[in-house]
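Undergrad: attaching a predicted model along with its sequence, questions to come.
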There are 2 protein chains.
Amino acid sequence: MLSKKTKYAFHALTYLGKHRDQKTVLIQDISEEYGISHKFLENILLELRKAGILGSKKGKGGGYYLIKDPNDVPLSKVIRLLEGPIALLPCVSLNYYEPCAECKDETKCGLNKVMIQVRDEMLKVLENKTLADILDKE
Amino acid sequence: MLSKKTKYAFHALTYLGKHRDQKTVLIQDISEEYGISHKFLENILLELRKAGILGSKKGKGGGYYLIKDPNDVPLSKVIRLLEGPIALLPCVSLNYYEPCAECKDETKCGLNKVMIQVRDEMLKVLENKTLADILDKE
DNA sequence: TATAAAACCTATATAAAAGATAGGGTTATT
DNA sequence: AATAACCCTATCTTTTATATAGGTTTTATA
C-alpha cells in the first residue's frame, strides 16, 4: 500500500493541476481541501519542488504551481520520489535494488522471477499513465 | 514492498514444495536454510496451516507439510493472508476495502480510477501464478 | 520602509507497525 | 515416561510513518 505521504502528493498534484489557471496555490488551500496537516503537506510539496515537478514563489502572493506539463509527470515518478521502490521485493527493484539476505543465488530464485513479472505489469501502467490521466478523469 | 513475513512465507512454501517427498519438514530446517528466526517463522507457518495451505503433525517425527497442490496456491492468496491488501490504495482493494478520508466522491476520483488499473494488472499475475510456478523455476 | 504573508528548513516528538522473543502448554511418538 | 515437536498468547524492541514545532528568508504592498 502507498503511504499517506504518497497519496497526499497525488492529491496535491491533482489540485494544482486543476488550478493551473491561477498563478500560485497556497499550501493552506490544498491542506483544507483534503484535510491534510499543513506542515506535513509542506514537506511533501518541498520534495516535489526539489524534484522539479513543482515551482514555488515565496512571500506575499506566493505559493506553489505546476512547473511540468501533466503529461510529463508519470505516476511512477511520484511514487519513487515519495515512497521509494515500486517493486514488491528489493531484489527486483530497478531503482532501489538490494539483494535478499535469504537468497544464495538470485538467478535461481523462483520468487524473484515471478516478482519481476509483477513489477513489469505494474510499471506498464505506472510509467505510461501520468498526472494528465488523473486530471482527465476528474 | 512486501513485509519480511510475507517473503518468509514464500520461502517456507518453496522449501516445503521442494521437499514434498518427505512426510514432514521441521521448522528448524526451514529457519536454518534461510536464516529466519525460528519463533518468527513458527507464527508464519501457523497462519499458513490455519488457512488450509499447510498441514502439521505433532510429536517426535512431526513437522509441517504442504496439504495443497502447488498449482492450487495462487500467490495472491499468500499475500492477502500474510500481508493484507494487494492494491496500492485502500479505496481500490477488493478484499480489504476502506474509503479514503480525503475523498468526497470516489466515483469522481481520478487517482482511484488509475489505481484500479494498477490493481488489475497486478492481479493478472498474482491470481494466475501459483506456488507451482515458483517451484518450476528453481 | 515597515509590515504581513508566504515558502523554506531542520529538528524533534509521537504513534503505529513490523519484527523478534519468551515461556509455558499440549500432543504424539518412541 | 521422556522427548520432540507443534500450539498459543503475550510482550518487548526496533523501525518507520506521521505529525508538530519554531524559527528563517523572501516578497508584495501599503
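TA: Perfect, thanks for sending it. Numbering: from 1, shown residues only, chains lettered A, B, ... in the order given.
Undergrad: now do the strands in chain A.
TA: For chain A, applying DSSP state E gives strands covering A:54-57, A:63-66.
Undergrad: looking at these, which is nearest to residue B:53?
TA: Of all the strands of chain A, it is strand A:54-57 that lies closest to residue B:53, at 46.7 Å by CB to CB. For glycine as for every other residue, the C-beta is placed from the backbone atoms N, C-alpha and C.
Undergrad: so what does the closest one touch, helix or strand wise?
TA: helix A:38-50, strand A:63-66 (3 or more CB pairs under 8 Å, 6 or more residues apart in numbering or on different chains; DSSP states H and E).
Undergrad: average pLDDT across the longest helix seen in chain A?
TA: When chain A is parsed with DSSP state H, its longest helix is helix A:110-126. Taken as a whole, helix A:110-126 has a mean pLDDT of 98.
Undergrad: tell me the buried residues in it?
TA: Counting neighbours by 16 or more other CB atoms under 10 Å in any protein chain shown, one finds that the buried residues in helix A:110-126 are A:110-116, A:118-119, A:121-123, A:125-126.
Undergrad: cool, stretch A:124-138 as well?
TA: Buried-residue list, stretch A:124-138, by 16+ other CB under 10 Å: A:125, A:126, A:129, A:130, A:131, A:132, A:133, A:134, A:135.
Undergrad: ok, so of those, who is nearest DNA strand D?
TA: Nearest to DNA strand D among the buried residues of stretch A:124-138 is residue A:126, at 17.8 Å by CB to the nearest atom of the strand.
Undergrad: near chain B, which residues of chain A?
TA: With the criterion set to CB under 8 Å from any CB of the partner chain, chain A comes near chain B through A:1-2, A:7-8, A:10-11, A:14, A:34-36, A:75, A:84-85, A:87-90, A:100-102, A:108-111, A:113-114, A:117-118, A:121-122, A:124-126, A:129, A:133-138.
Undergrad: out of the residues you listed, list just those in helices.
TA: Counting by DSSP H, those contribute A:7-8, A:10-11, A:14, A:34, A:75, A:110-111, A:113-114, A:117-118, A:121-122, A:124-126, A:133-136 to helices.
Undergrad: contacts only, for residue A:41.
TA: Residue A:41 is in contact with A:8, A:12, A:27, A:30, A:31, counting by CB atoms under 8 Å, 6 or more residues apart in numbering or on different chains.
Undergrad: next, count neighbours for the last one.
TA: Right, residue A:31. Residue A:31 sits with 20 neighbouring residues when counted by other CB atoms under 10 Å in any protein chain shown.
Undergrad: give me every residue that touches residue A:100.
TA: Taking CB under 8 Å, 6+ apart, one finds A:89, A:90, A:91, A:106, A:109, A:112, B:7 in contact with residue A:100.
Undergrad: mind checking pLDDT for the residue most central in space within chain A?
TA: Nearest residue to the geometric centre of chain A (CA atoms, centre = their mean): residue A:78, 1.8 Å. Here, the pLDDT recorded for residue A:78 equals 98.
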